[in-house]
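Chemist: Build me a model:
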Amino acid sequence: MNVARLLRHLVFPPWLVRRAFSRTVLDRIEAAVGEAERSHSGEIRFAIEAALDWPALWRGQTSRDRAVDIFSRLRVWDTADNTGVLVYVLMADRAVEIVADRGIHAKVGQAAWEAVCGEMEKAFQQGSFESGALQGIRAIAVLLTRNFPATAANPNELPNRPVVL
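Modeler: I've put the predicted structure just below:
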């Protein structure tokens, strides 16, 4: 167990999430997701979490493991064409994870997702949470539009509103 990580998560104040992702920022992320989804047949969910709880830390749960759990919990996998994408932000670890449904991941690949995460993390490290999130959504939209362009029937299968866990 990493003691520094444990302490960082246990003392991370939840109000920092509200400061970084204010109601206005969440509204802009929601609008960006809606706009992005008009150009492709994918479904984007955006989730933000302040820190992991004690049991998760004790088990050594990574940000990636947690993102996969959230992908399932938010039912991002539950789309007709397996085209769900979760953007997960774990503030205490300063980590961004993207988990894509198998239909998308097979065409886009892990390297592309890691590049988007890296750019978002850079922006977040500079305190640019809104611009980092919006930049990430636009980058995901480019990848999805290239591989999964919108069709005539393009239903909105998942909520666009970011969720703060």
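Chemist: I'd like the next helix or strand past the longest helix along the chain.
Modeler: Counting residues, the longest helix found in the chain (DSSP state H) is helix 129-147. Moving toward the C-terminus from helix 129-147, the next helix or strand (DSSP states H and E) is strand 163-164.
Chemist: what lines up beside that next one in the sheet?
Modeler: Using DSSP bridges, the strands paired with strand 163-164 are strand 43-49 (parallel).
Chemist: Just after the partner strand, pick out the following helix or strand.
Modeler: Moving toward the C-terminus from strand 43-49, the next helix or strand (DSSP H and E) is helix 54-59.
Chemist: For the nearest residue to Ala80 once chain neighbours are set aside, give me its contacts.
Modeler: Using CB to CB, 6 or more residues apart in numbering and skipping the chain neighbours, the partner closest in space to Ala80 is Glu157 (6.7 Å). For glycine as for every other residue, the C-beta is placed from the backbone atoms N, C-alpha and C. By CB atoms under 8 Å, 6 or more residues apart in numbering, the contact set of Glu157 is 43, 78-80, 84.
Chemist: And Ala152, by the same measure?
Modeler: By CB under 8 Å, 6+ apart, the contact set of Ala152 is empty.
Chemist: Now the phi/psi pair for it, please.
Modeler: phi -60, psi -40 (degrees, to the nearest 10).
Chemist: quick one: what helix or strand has the spatially most central residue of the chain in it?
Modeler: Residue closest to the mean C-alpha point of the chain, counted by CA atoms, centre = their mean, is Val87 at 1.2 Å. Here Val87 sits within strand 84-90, counting by DSSP H and E.
Chemist: Which elements pack onto that strand?
Modeler: Helices and strands touching strand 84-90, by 3 or more CB pairs under 8 Å, 6 or more residues apart in numbering; DSSP states H and E, are strand 43-49, helix 63-73, strand 95-100, helix 110-125, helix 129-147.
Chemist: Let me have the ones you listed in a markdown table, adding mean neighbour count and distance to Ala153 as columns.
Modeler: Converted to a markdown table, the helices and strands packed on strand 84-90 look like this (neighbours: other CB atoms under 10 Å; distance: least, CB to CB, whole Å):
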| stretch | mean neighbour count | distance to Ala153 |
| --- | --- | --- |
| strand 43-49 | 24 | 14 |
| helix 63-73 | 17 | 24 |
| strand 95-100 | 24 | 21 |
| helix 110-125 | 16 | 26 |
| helix 129-147 | 20 | 16 |
